[in-house]
Structure formats: C-alpha cells, structure tokens
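[1] Fold the following.
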Amino acid sequence: MTGDSAAAVRSGSFAPVRTDVVVIGLGAFGSAALWRLAERGVDVVGLERFGVGHPFGSSHGITRLFRVACQEHPGLSPIAGRTRDLWRELEDRYGQELVRQSGCLSVGSPGSTPITGTLAAAAGAGLPVVRMGHDELVARYPQYAGLGATDEAVLDPEAGICFPERAVRAHVRTSLEVKSPQLCGAAPHCQVSRRPSPM
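    Modelled structure (predicted):
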C-alpha cells in the first residue's frame with residue numbers, strides 16, 4: 001500500500017458505515033468499479049484485505065497483455081476500447097503510462113480462435129487489423145518460419161501491454177480525489193449487512 005491510498009485504508013475496528021455500494025476487492029476490476037462509481041457520485045465503500053496494489057491476486061505484476069480485438073468474444077472490443085480511453089485520461093492526469101499500444105500478433109491455423117476470433121472482433125468493432133498469410137508472416141517475422149505451412153497471423157495494432165499495478169493505484173487515487181470513498185482493510189470482524197428493502 002503506497003501513496004495517497006495508504007492514509008485512507010484503515011484496518012482494525014471501525015464504526016459502522018452506511019453506504020449504497022460496497023466493492024469487495026480492489027484489484028483491477030474492483031478498483032475500476034470504485035473509481036467509476038465515485039465519479040458518478042455514488043456513495044461507495046471499498047474493501048481490500050491486503051492493501052491497495054498488493055501482490056496476492058491476479059492484478060499484480062509489471063505488465064499484462066492488452067487487446068482491443070478480443071478473440072474470446074467480439075462484445076469485449078467496445079469495453080477494451082473504453083478502458084483504453086479512460087486509462088488515457090488517467091495518464092494525462094498523473095503523467096504515468098498505463099497502456100502501451102505496441103501491437104499484438106495472433107498466430108494460428110486459418111480456423112483457429114486466434115485467427116477467427118480476432119477477425120470477428122475486429123469486424124464487429126470496425127477495428128483496423130492486418131491479416132497475413134504464411135509467406136507474408138514469415139517475411140515480416142522470420143522467427144515464425146518453423147510454423148506449419150498453412151499457419152497465418154492477424155496483427156492488431158491497437159493492442160499492446162498494460163501496467164496493472166499502476167492502473168489499480170491510479171483508480172483508487174482518483175476515487176479518493178473525486179468522492180473520498182471510505183476504504184478499509186477487510187479484517188476478520190469486518191461484516192457487510194444488507195439494508196432493509198424500502199418496500
């Protein structure tokens with residue numbers, strides 16, 4: 001836990017807090033949810049057991065792959081594009097790189113998910129990708145000469161890498177600046193109870 005978030009994260013006993021939303025876990029997704037809710041003026045509390053930017057979850061490490069033409073599902077591309085745009089706002093705000101668009105080369109047989117999934121995502125989102133047959137792939141990237149004779153590639157120039165730990169800290173920092181949500185360490189005695197329905 002570092003920076004502005006250190007003073008805000010509390011552990012041990014604390015008074016009951018009434019809030020509209022509780023975000024449990026402030027990794028990549030939780031910290032982003034906290035930030036966007038705070039930006040919207042929502043009464044929100046963030047709970048993080050290990051402190052902001054800890055190494056015990058899936059959001060630690062220096063870099064992660066970042067793709068816009070997401071081969072897993074074409075519906076992810078607009079989300080990835082919006083994420084990139086929001087991270088650019090935080091980069092401008094804090095002067096720290098959160099995403100580097102160096103491109104991503106997806107390689108496989110013509111019917112494989114890396115090829116068909118990337119092409120479908122790009123087509124659905126209108127993204128400019130470059131499809132390369134085997135010969136062009138090997139000419140541009142000789143290290144792929146050992147692939148099968150029919151293997152090909154799709155280059156997504158909008159892809160690259162992101163810096164997850166930086167992003168998590170930037171999300172929480174912005175949340176504190178915008179809305180000052182309460183953050184607390186989730187000690188064993190920390191309980192979240194649901195408000196009675198007004199109905």
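[2] Nearest the geometric middle of the chain, what residue?
    The residue lying closest to the centre of the chain (C-alpha atoms, centre = their mean) is Ala28, at 5.3 Å.
[3] mind checking how far that residue is from Pro55?
    Relative to Pro55, Ala28 is positioned 13 Å away (C-beta to C-beta, to the nearest Å). Every residue, glycine included, has its C-beta placed from N, CA and C.
[4] tell me the contacts of the residue nearest to the centre of the chain?
    Contact criterion C-beta atoms under 8 Å, 6 or more residues apart in numbering gives 58-59, 164, 167-168 as the residues in contact with Ala28.
[5] out of these, which are buried?
    Burial by neighbour count, judged by 16 or more other C-beta atoms under 10 Å, picks out 59, 164, 167-168 from the contacts of Ala28.
[6] in which helix or strand would I find Ser106?
    Using DSSP states H and E, Ser106 sits within strand 104-108.
[7] now swap in Ala167 and tell me
    Applying DSSP H and E as the criterion places Ala167 in helix 164-178.
[8] Quick check: mean pLDDT of that helix?
    The predicted model assigns helix 164-178 a mean pLDDT of 92.
[9] CA atoms of that helix as PDB?
    What follows is helix 164-178, C-alpha atoms only, in PDB (Å, rounded to 0.1, in the frame of the first residue of the first chain):
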ATOM      1  CA  PRO A 164      -2.000  -3.300 -13.900                       C
ATOM      2  CA  GLU A 165      -0.500  -2.300 -10.600                       C
ATOM      3  CA  ARG A 166      -0.100   1.300 -11.800                       C
ATOM      4  CA  ALA A 167      -3.700   1.200 -13.000                       C
ATOM      5  CA  VAL A 168      -5.100  -0.100  -9.700                       C
ATOM      6  CA  ARG A 169      -3.300   2.700  -7.800                       C
ATOM      7  CA  ALA A 170      -4.500   5.300 -10.200                       C
ATOM      8  CA  HIS A 171      -8.100   4.100  -9.900                       C
ATOM      9  CA  VAL A 172      -8.100   4.300  -6.200                       C
ATOM     10  CA  ARG A 173      -6.200   7.600  -6.100                       C
ATOM     11  CA  THR A 174      -8.800   9.100  -8.400                       C
ATOM     12  CA  SER A 175     -11.600   7.700  -6.400                       C
ATOM     13  CA  LEU A 176     -10.200   9.400  -3.300                       C
ATOM     14  CA  GLU A 177      -9.800  12.700  -5.100                       C
ATOM     15  CA  VAL A 178     -13.200  12.700  -6.700                       C
END
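[10] Any buried residues in that helix, and which?
    Of all the residues in helix 164-178, those buried under the rule 16+ other C-beta under 10 Å are 164-176.
[11] got those as a markdown table, with distance to Arg36 columns?
    Rendered in a markdown table, the data for the buried residues of helix 164-178 read as follows (distance: C-beta to C-beta, whole Å):
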| residue | distance to Arg36 |
| --- | --- |
| Pro164 | 17 |
| Glu165 | 19 |
| Arg166 | 17 |
| Ala167 | 13 |
| Val168 | 14 |
| Arg169 | 16 |
| Ala170 | 13 |
| His171 | 9 |
| Val172 | 12 |
| Arg173 | 14 |
| Thr174 | 10 |
| Ser175 | 9 |
| Leu176 | 14 |
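[12] Perfect, I'm done here.
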